[in-house]
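Undergrad: Fold the following for me, if possible:
(one chain, ligands or ions: 1)
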Amino acid sequence: MMLGSDMRVVVLTGAGISAESGIRTFRANDGVWENHRIEDVATPFAWERDPRLVWRFYQGRRRQLLDVNPNSAHEALVSLESYLDEFLLITQNVDDLHSRAGSEKLIHMHGELRKLRCEMCGEIIDAMDDEHLQDQYVKCVQCTNERLRPHIVWFHEMPLRMDEIYDAVGECDVFIAIGTSGHVYPAAGLLSIAKDTGAHCIGINLDPPENVILFDEFHQGLAGELVPALVTKWMSE
Ligand SMILES: [Zn+2]
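TA: Numbering: from 1, shown residues only. The predicted structure is shown next:
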């Protein structure tokens, strides 16, 4: 495929791209994440029932960000962004590896581990200082709330900025899905929308996803190896 710099490109990334940086994520097949059942730590009901357990779980995930680094796939997507006039990176991942690599046109549809949110006043803060990463709760600086929550889209909650996402996918010329399994909705439905739009659809994943038949090209293997090679090729043809 040739990629002109005036082509509109949307990239969707999932757990596979972060896994190669050492981030262990939720395993959909057995419903377990770092030895916790999803219903115990990643739903609004869990937060209501046992906030301390949920808080400690997310503080562990948040502290883990300090020990991981972006990989060559994250970096290649930064080069792609700077080559293109119209680009959007949508990630299902809650880590900060895309931003730390340098991606700017970026939507975290499932929220961000770096941030905490106040359920009383709506304040969202970037909270990665030592004082924010302890086991005790973090208070809101704007109101009387003693307990900010992770700025994460939990199961049963709506993903963020879906209007912008649907607009971009509905107008793109090329849609590229990297490291995503194809069974978490609504992210999984974006491929169908891109396909209906007439976009050229490219998939890159360790295993063929469930919806592999919808891709015009599918590349099987490690994102850290395939993405840099493909990006270089697309920009030089
Ligand atoms: Zn507040």
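
Undergrad: show me where pLDDT drops low in this structure?
TA: 26-34, 237 (pLDDT under 70).

Undergrad: Which residue lies closest in space to the residue of it most remote from its centre, excluding its sequence neighbours?
TA: Computed with Cα atoms, centre = their mean, the residue of the chain farthest from its C-alpha average is Thr144, at 31.1 Å. Closest residue to Thr144 apart from its sequence neighbours, by Cβ to Cβ, 6 or more residues apart in numbering: Met120 at 7.5 Å. C-beta: built from backbone N, CA, C; applies to glycine.

Undergrad: got it, and His108?
TA: Counting by Cβ to Cβ, 6+ apart, Thr91 is the residue found nearest to His108 once chain neighbours are left out, at 5.8 Å.

Undergrad: The one you found and the ion: what is the separation?
TA: As judged by Cβ to the ion, to the nearest Å, Thr91 and the ion stand 27 Å apart.

Undergrad: tell me which parts of this structure are close to the ion?
TA: 118, 120-121, 123, 140, 142-143, 145 (Cβ under 5 Å from the ion).

Undergrad: want to throw those into a markdown table with secondary structure and neighbour count?
TA: Formatted as a markdown table, the residues of the chain next to the ion follow (DSSP: H, G, I helix; E, B strand; the rest coil; neighbours: other Cβ atoms under 10 Å):
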| residue | secondary structure | neighbour count |
| --- | --- | --- |
| Cys118 | coil | 21 |
| Met120 | coil | 13 |
| Cys121 | coil | 12 |
| Glu123 | coil | 15 |
| Cys140 | coil | 19 |
| Gln142 | coil | 12 |
| Cys143 | coil | 12 |
| Asn145 | coil | 17 |
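
Undergrad: Name the residues of stretch 101-111 that are buried.
TA: 101, 103, 106-111 (16 or more other Cβ atoms under 10 Å).

Undergrad: Please list the residues outside that stretch that contact it.
TA: Contacts to stretch 101-111, defined as Cβ atoms under 8 Å, 6 or more residues apart in numbering, come from residues 70, 74-75, 77-78, 81, 87-94, 98-99, 150-153, 159-162, 164-165, 187.

Undergrad: Kindly give a single PyMOL line that selects the buried subset of those residues.
TA: Only the buried entries of the contacts of stretch 101-111 go into this PyMOL selection, using 16+ other Cβ under 10 Å:
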select buried, resi 70+74+75+77+78+81+87+88+89+90+91+92+93+94+98+99+150+151+152+153+159+165+187
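
Undergrad: just checking, which of the contacts of stretch 101-111 belong to helices?
TA: 74-75, 77-78, 81, 98-99, 162, 164-165, 187 (DSSP state H).

Undergrad: Which pair of these spans the longest distance?
TA: Glu75 and Met162 (27.6 Å; Cβ to Cβ).
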